[in-house]
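In: no sequence on this one, just coordinates:
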C-alpha cells in the first residue's frame, strides 16, 4: 500500500479488522511488515510485506570488482554476517580453482561458530522479549558483546569483519587469542544454567511457547524450511553434515533434533546448537596451534583479477538455515550474476503467513522471532 | 541408504527418460543438467516422485542479453541421495513467459515472484505475481542488463557539498583535490 | 436514529498565530523557566524504536547494560506520538523513506532527527543503488550525523551527548526548519515519490499554529497537495439499536 493513496474505502460491515504489524513495531524483527486480519483475538489471514530494506545488492555486485564485493556481502544478513563472507569466498575459490590452506580453513570454522553463538544469543533475547520477559535480552546482548570483542580483536570490526577473502583470511591470529576464546567459551558455558533457569525451563515461557506456531515435518518439507526450524520437526538435516565444506567432516559434533515443531522446540534446538558450537570450538582451539602454514592462497592482483568462466552453487549453514550463493562468471573482473538465497526467504514470507493464521494476536510476534526470520536476507 | 558415490550413476540412468537432456558431473555432490524448456516440468516430476528430490533450494535467473535469452536455473536437493541437481533452461527474452512449478514445489512462489519483479519474467500459474519488494518502484525491471543503475542514480539524486576544514587548510597552502569524485563517477 | 451534526471544523483563519518564538516576552522568570525547560528536555529523551537499517544492530548493545544509554535519560518508545528523537539507523530505502517521513510528521514538536551511519550523509556504501536515498537532509531536517559503518555504541552515546548539549543550549532547532521551508522539503519528496505524494498530517496548519509560517512554507509544491488531495467523505456514526449486517 502506498501512503499517498490514502483514500477512505467503504468496506462492508464485518467482524474482522486489519492490523498492521507494520515496519515501526517492536514485535517485528527488523524493518518488515505483516498485515493480519483478526477477528477478536484470532488471526484469520496474514500477508507479509517486505522490501523495506531493499538495496539492490545483486545489481550492485555486478558493478564492482570481485574483491570489492567482500565489503558488500556481510551486510546482507546483519545479525550473522560471517556465513555470507565465507560462502562468497568459497564460491570464488571453486570458480577460480584456488586451494585454501588448512590453517585458513580452521580459522574460518572458528569464526563461523563464534558468529553462530552470537546470533543465537541474540535470538534468545528477542524470543523472550516477545513473551514479555526482558531480562534474557539484556543477558543475551551482554554475552554476545564478549564475542563481538573477540571479533574486534581479530579483524577490527565488531559487526562487519571483512576478514575472509577468496583464498583464505586476511590476517594472522593475535598473540594469545586462543586463550581468550577458551575463556569466553568457559564463561558462556557457565552461564547456561542461568539461562535455563530464567528462560528455557521457566514455566511462563514454556506455557507461552509450547504449541505456538506448530509445524509438522511434512509441512516443513513442503514449504522449504531449513535450519533449526526443520530440525525442530525431527529431520536431522544440517549442511555441515550432509554437504560438508571447509573442515567440518573432520570435526565431531551432533545435530540436535526435537520433534514437536513449535516455538519451544525451536528454542530448544537453538540451545542445543549453541552447546554443539561450543564443542566444535573447543576442538578447533585445541587443534589450531598444531597447524602452521600460510593463511592465504596466492591470488593475482585483486584489482585486475579475471576469475575463470563458470557457474557455481555453494551452500553454507548459517544460524538461520541454508544459505546459498549462485555465482556466474564470464571470465571478467566483475561478477556476471550473483544470486543470494537467504534462509529467511522461506521463513519470513510463506511460512510465517501460514503459521500465524489460526493463532492468536499475542503469538504473532513470538512466531516471527522463533522462526528467526532475518528481513535483510529477504529483501537483499 | 546409498551414498552419493553409488547413486549418481543410477540418477543419470533415471534422467535418460527425459528427451534431449545433457548431464555433467560438477563435483562430488553437484550435477548439472541442461534441457529444453518444455521438458523441465517432466524432469521435476520425475525427480520429486522417483528420486526423492523434495527440496527446491532456489530458482535463479540470469540475463544473457547478447544471446537474447533468459536462463532459469532450478536447484534441487534430495535429503536421501544428497546430490544437488542444477537444471538449466533457456527461454527467449522478449516475451519472458514460463510455466510455474508451484504445484510441485511450494517455495517456487517466492522465487517466481522475485524473478517477475526483478527481470519481468511472467510465470503462468504462480499464485501471486504482484509486487513484493519493489512496491514503490515505477521503472523498468531493475535486474535486466539494459537498466543502468548508476546512470539512474546520477539522474535522480544529488550529492552533499563537501567542504571540510582539513581541505581548506590544504588549499590555503596551494594544494587541493586532483581527482574529484564526480569525475570518477560516470 | 439521530444523525450527528457535522463535527465543527476550525476555520482556516483560525485564532491569531502565537507570538513568534524568537520574541522572548516576559522578564527574568520567563527566561529562567525556558532554560529549565530545555535542561529537562535534554535530559529526558525518548527515542523512537524504529530500526530502519543496518545500524540498528548496535542499538541493543547501546541500550543494555554494557554501554547503558538509559543512565543518560534516553529510553526507547514505541509510538512516534510520544517520542522526541527519530534515529535513522543506517541507509533509508525509498520504501522506508516514505514511512519515515510519515513517522516524522506524526511526532510532536520539538523533535530531533539523528542520522546514524555514513549512508545518511552521502549515500555511503550503497551510493550506486537505485533503491536508497542519498542525502537524508533533503527530505527532512537532520540535527546530528554520527558517521561510521557502523558506529560503535560509544560513538552513538557520544553523539547523543552532543545532541543533549545542543538541545540545552538551544542550537538544535532544525524542526522549525521543516515548517519554515516546507515547500523545499516537499519538492524533494515529490521529486522522488511522484506528484501524488501526500501525508495525512497537516503540516501547513501546524506551521501556522507554531507561528512559523513563512514565505518559503508555501509554494508550487504545496499547491500540488491541494490538486491531488482526495477529500475524506464524512463517515456517519449511528447510535442506538443494533443494525442488521453487524454480526
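Out: Happy to help now that I have it. Values in this document were obtained by computation on a predicted structure and should not be read as measured data.

In: For the rest of this, base every contact and every neighbour count on C-alpha atoms.
Out: Will do.

In: in chain C, which helix or strand is least confident?
Out: Lowest on mean pLDDT, DSSP states H and E among the helices and strands of chain C sits helix C:220-228, with a mean of 78.

In: What residues of that helix count as buried?
Out: Buried residues in helix C:220-228, counted by 16 or more other CA atoms under 10 Å in any protein chain shown: C:221, C:222, C:224, C:225.

In: go on, stretch A:165-173?
Out: A:165, A:166, A:167, A:168, A:169, A:170.

In: pLDDT on it, on average?
Out: For stretch A:165-173, mean pLDDT is 89.

In: can you give me how far it is from the chain middle?
Out: Distance of stretch A:165-173 from the chain centroid (CA atoms, centre = their mean, to the nearest Å) equals 22 Å.

In: which bits of the stretch 1-150 of chain A sit near chain C?
Out: A:3-4, A:6-8, A:13-15, A:23-26, A:30-31, A:51-57, A:59-60, A:72, A:75, A:78-79, A:138, A:141-142, A:145 (CA under 8 Å from any CA of the partner chain).

In: So what touches the least confident helix or strand of chain C?
Out: Helix C:220-228 is contacted from outside by C:183, C:184, C:186, C:187, C:190, C:195, C:196, C:197, C:198, using CA atoms under 8 Å, 6 or more residues apart in numbering or on different chains.

In: Can you give me the distance of residue C:203 to chain B?
Out: Per CA to the nearest CA, to the nearest Å, residue C:203 is found 23 Å from chain B.

In: distance between the ends of stretch A:199-214?
Out: Distance across stretch A:199-214, first residue to last, is 20 Å (CA to CA, to the nearest Å).

In: can you check stretch B:11-26 too?
Out: Stretch B:11-26 has an end-to-end distance of 14 Å (criterion: CA to CA).

In: what about it, near chain A?
Out: No. Applying CA under 8 Å from any CA, one finds stretch B:11-26 separated from chain A by no less than 8.9 Å.

In: Return the distance of that stretch from the chain's centre.
Out: Centre-to-centre, stretch B:11-26 and its host chain are 23 Å apart (CA atoms, centre = their mean).

In: which parts of it are buried?
Out: For stretch B:11-26, burial by neighbour count (16+ other CA under 10 Å) applies to B:11, B:12, B:15, B:21, B:23.

In: show me the contacts for the residue nearest to residue B:11 when sequence neighbours are not counted.
Out: Counting by CA to CA, 6 or more residues apart in numbering or on different chains, residue B:11 lies nearest to residue B:51, which is 7.6 Å off, once chain neighbours are set aside. Residues in contact with residue B:51 (CA under 8 Å, 6+ apart) are B:11, B:78, B:81.

In: quick one: residue A:239 from residue A:245, how far?
Out: 8 Å.

In: Now the common contact residues for these two.
Out: Residues touching both residue A:239 and residue A:245 (CA under 8 Å, 6+ apart) are residue A:316.

In: about what we covered before: between the buried residues of stretch B:11-26, which sits nearest chain A?
Out: Comparing the buried residues of stretch B:11-26 against chain A with CA to the nearest CA places residue B:23 closest, at 14.7 Å.

In: picking up where we left off before, in CSV, list the buried residues of stretch B:11-26 along with pLDDT and secondary structure.
Out: As requested, the buried residues of stretch B:11-26 are exported to CSV (pLDDT from 0 to 100; DSSP: H, G, I helix; E, B strand; the rest coil):
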residue, pLDDT, secondary structure
B:11, 70, helix
B:12, 68, helix
B:15, 72, helix
B:21, 78, coil
B:23, 80, strand
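
In: restrict the residues of the stretch 1-150 of chain A next to chain C to those near chain B?
Out: By CA under 8 Å from any CA, the members of the residues of the stretch 1-150 of chain A next to chain C lying near chain B are A:51, A:52, A:54, A:59.

In: Now for these, which sits with the most neighbours around it?
Out: residue A:52 (31 neighbours; other CA atoms under 10 Å in any protein chain shown).

In: quick one: pLDDT of it?
Out: We have a pLDDT of 89 for residue A:52.

In: go on, residue A:109?
Out: For residue A:109, the predicted pLDDT is 92.

In: ok, now how distant is it from residue A:248?
Out: The value you get for residue A:109 to residue A:248, if CA to CA is used, is 8 Å.

In: what's the closest of the buried residues of helix C:220-228 to chain A?
Out: For the buried residues of helix C:220-228, the residue nearest chain A by CA to the nearest CA is residue C:225; the value is 10.5 Å.

In: what's the spacing between that closest one and residue B:156?
Out: Note on residue C:225: its distance to residue B:156, by CA to CA, is 21 Å.

In: just residue C:59 next, same as before
Out: As judged by CA to CA, residue C:59 and residue B:156 stand 31 Å apart.

In: Check which residues of stretch B:31-41 are buried.
Out: Buried positions in stretch B:31-41, judged by neighbour count with 16+ other CA under 10 Å: B:31, B:32, B:33, B:34, B:35, B:36, B:40.

In: May I have the phi/psi pair for residue A:60?
Out: Here is the backbone geometry of residue A:60 (degrees, to the nearest 10): phi -60, psi -40.

In: Count the neighbours of residue B:161 for me.
Out: Neighbours of residue B:161 (other CA under 10 Å): 7.

In: Who are the contact partners of the closest residue to chain B within chain C?
Out: Nearest to chain B in chain C, going by CA to the nearest CA, is residue C:128, at a distance of 5.1 Å. When the contact criterion is CA under 8 Å, 6+ apart, the partners of residue C:128 are A:60, B:149, B:150, B:153.

In: Kindly reformat those residues as a markdown table containing distance to residue A:208.
Out: Shown next, in a markdown table, are the contacts of residue C:128 (distance: CA to CA, whole Å):
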| residue | distance to residue A:208 |
| --- | --- |
| A:60 | 43 |
| B:149 | 47 |
| B:150 | 49 |
| B:153 | 48 |
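
In: Tell me where chain B has strands.
Out: Ranges of strands within chain B are B:22-27, B:30-34, B:55-64, B:69-77, B:84-92, B:97-99, B:122-124, based on DSSP state E.

In: Pick out the shakiest of the ones you listed, pLDDT-wise.
Out: Mean pLDDT across the strands of chain B is lowest at strand B:22-27; the value there is a mean of 80.
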